[in-house]
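*Asks:* Task: produce atomic coordinates for the following.
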Amino acid sequence: MPADQILTIPQIAQLTNRTVDTVRYWRLHGNGPKTFRSNNRVYAYKSDVLAWLDARAEPEDVRGGIA
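*Replies:* Coordinates of the predicted model:
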């Protein structure tokens, strides 16, 4: 099994379609995907970012879009 891809903050921003500043804001307030520090840089595993995105996804309305 291949190792999980490690992403930088700019790569997280690109994957989430947000700005680098937004990703940093999420980190500051503890709202973003799980990150870690190594050699004074911030990284995240791609699987953690994708899991975080999945958890934030709005459930689809199974009634045909009528709210």
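*Asks:* residues touching the residue sitting nearest the centre point of the chain, list them.
*Replies:* Centroid-nearest residue in the chain, with CA atoms, centre = their mean: V49, separated by 3.4 Å. Listed by CB atoms under 8 Å, 6 or more residues apart in numbering, the contact set of V49 reads 7, 12, 15-16, 33. In short, each C-beta sits where N, CA and C put it, glycine included.
*Asks:* Let's see that with 10 Å instead.
*Replies:* If a contact means CB atoms under 10 Å, 6 or more residues apart in numbering, then V49 has 5, 7, 11-12, 15-16, 23, 32-35 as its contacts.
*Asks:* Which pair of these spans the longest distance?
*Replies:* Across these, the longest distance by CB to CB is 17.1 Å; it joins Q5 and G32.
*Asks:* So which of the two has more stuff around it?
*Replies:* The residue with the greater number of neighbours, taking Q5 and G32 and applying other CB atoms under 10 Å, is G32; the counts read 21 against 11.
*Asks:* Surely that one touches T16?
*Replies:* Yes - when contacts are counted by CB atoms under 10 Å, G32 is listed as touching T16 (8.6 Å).
*Asks:* Now do the shared contacts for those two.
*Replies:* Each of 22-23, 26, 49, 52 lies in contact with both G32 and T16 under the rule CB under 10 Å, 6+ apart.
*Asks:* Show which residues not belonging to the strand or helix carrying V23 make contact with it.
*Replies:* Using DSSP states H and E, V23 sits within helix 20-29. By CB under 10 Å, 6+ apart, the surrounding residues in contact with helix 20-29 are 7-16, 18-19, 31-35, 42, 44, 49, 52.
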